[in-house]
Every structure is written in C-alpha cells, then in structure tokens.
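Visitor: I would like the atomic coordinates for the input below:
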Amino acid sequence: MQMEGTVFTPTLEGMKHVKSESGVILTKPFLQVCKHILPVLEKFGSAMSIVKTDIGGNITRLETKHASDPTKYEQLHSMVKVEVSAKTAKSSSSCTNGLLWLTRAMDFLVALFHNLVQHPDWQMSQACSDAYSKTLKKWHGWLASSSFSVAIKLAPDRKKFMEIISGSGNINADIEKFCSTFSPLLAENHKFLASVGMDDLKAS
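Guide: Here you go, the predicted model:
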C-alpha cells in the first residue's frame with residue numbers, strides 16, 4: 001500500500017504548530033516534528049542507526065523533562081535557562097546538551113536532504129559525507145567520526161531510497177519545504193544556545 005503524501009507529510013504538518021502565537025518555539029510540537037523524522041531515518045537502514053539512536057535518546061530526555069512540569073517547560077528554551085542558572089547545563093546528561101545535539105543532528109539531516117535535491121548526480125554516500133562534514137564533523141571526536149564514516153558506507157542506493165520515501169507525493173517539493181521551514185527553527189536554537197554560551201560544546 002502506498003502512503004498518502006510523502007514520508008515528510010507528518011513533519012510538514014507538525015511544523016505549522018511549532019511556534020506559539022507570540023513566535024516562541026514550543027517544546028512538545030518541536031519534539032513531535034523531530035519524532036516524525038525518525039521513520040525517514042529508518043528507511044536508511046543501518047547507515048543511520050547511530051544517528052537515529054542519538055536523536056531518539058535526546059528526544060526522550062527532553063520529553064521527560066517537559067513531562068515533569070509541562071507549564072514550566074512549555075517553551076523549548078526554558079529547560080536550558082533553568083539549567084544555566086543552576087550551573088548544570090554543561091553536564092553530558094543535561095537537557096541543554098540534549099537540545100544541542102538534537103539540533104545538530106537535525107542540521108545534518110537538513111543538509112543531507114538538501115544535497116539529495118540539489119545534487120541529483122551524487123551517490124547517497126557522497127550526499128551523506130558532504131552533509132556530515134558541513135555539520136556534525138567538527139563537533140565529533142575521532143571515535144564518533146570514524147564510526148560515522150563506516151556507517152556511511154552502508155548507505156542505501158539513492159534511487160531506491162528516493163522511491164521508498166516518495167509515497168504518492170512530490171518528494172522534491174516536500175524536501176525543499178522541509179529544509180526551508182526547519183532551518184530557521186534550528187538556527188533559532190543555535191542562536192539561543194550561543195547567547196548562553198552553550199553552542200560550542202564538543203563530544204567527549
């Protein structure tokens with residue numbers, strides 16, 4: 001059975017609700033959008049399993065914090081503010097760290113899908129490597145980088161992958177919409193994290 005729309009349809013729908021009327025990023029809808037991207041990663045098979053586990057873990061960490069006090073943490077950046085004033089933001093298990101790495105992983109995916117639309121002649125592994133070097137690479141240590149380059153070798157055939165994610169919709173148009181709508185939200189997270197001195201933490 002062919003899916004309605006493309007694999008991005010739920011994500012694009014969800015993005016309409018990420019900001020409050022006053023223009024603030026809301027926790028639950030933002031995490032929901034990130035969650036909708038996980039099925040897209042599943043279609044990559046084992047090539048993206050590291051990224052998928054990482055994203056899933058960070059979503060769960062932020063969701064747990066939000067659930068502990070939904071009113072207090074209604075706005076995405078409020079968790080970071082609380083940790084910054086408590087001086088716990090730099091801990092590897094903090095929500096600040098979770099949001100930073102979640103945003104970076106999403107940067108990588110936006111760059112990857114952008115490459116797939118902009119460079120129809122590229123192999124999947126080239127699209128992945130280029131996106132990785134533009135986004136995650138500088139924040140990863142040697143170990144993470146090497147496991148990533150091994151994983152990229154398992155990337156699926158590009159044509160087959162595009163067919164799988166297309167469903168009944170216009171996949172290129174949806175990817176462009178995904179990249180152009182999601183990028184400003186991710187940029188806003190980085191800008192906020194930078195304003196509290198938390199945008200340049202590296203992986204151990």
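
Visitor: Scan the helices and strands of this protein for the one with the lowest mean pLDDT.
Guide: Least confident helix or strand, the chain: helix 142-152 with a mean of 84, by mean pLDDT, DSSP states H and E.

Visitor: Let me see the backbone angles for residue 197.
Guide: Main-chain torsions, residue 197, degrees, to the nearest 10: phi 70, psi 30.

Visitor: so after the least confident helix or strand of the chain, what's the next helix or strand?
Guide: helix 158-166 (DSSP states H and E).

Visitor: Low-confidence stretches in the protein?
Guide: Filtered on pLDDT under 70, the chain yields the residue ranges 1-3, 204.

Visitor: 90 - rerun?
Guide: Under the criterion pLDDT under 90, the flagged ranges of the chain are 1-7, 39-51, 140-155, 163-164, 167-169, 201-204.

Visitor: Regarding the residue at minimal distance from the centre of the chain, which helix or strand does it belong to?
Guide: Residue closest to the mean C-alpha point of the chain, counted by Cα atoms, centre = their mean, is residue 106 at 2.1 Å. Counting by DSSP H and E, the element that carries residue 106 is helix 95-118.

Visitor: and that helix with helix 158-166, angle?
Guide: Using axes from the mean of the first three to the mean of the last three Cα atoms, to 10 degrees, one finds that helix 95-118 and helix 158-166 are set 110 degrees apart in direction.

Visitor: between helix 95-118 and helix 142-152, how many degrees?
Guide: On the basis of the same axes, to 10 degrees, helix 95-118 is oriented at 40 degrees to helix 142-152.

Visitor: Give me the distance between helix 95-118 and the centre of its chain.
Guide: Centroid separation between helix 95-118 and its chain, computed with Cα atoms, centre = their mean, to the nearest Å, is 4 Å.
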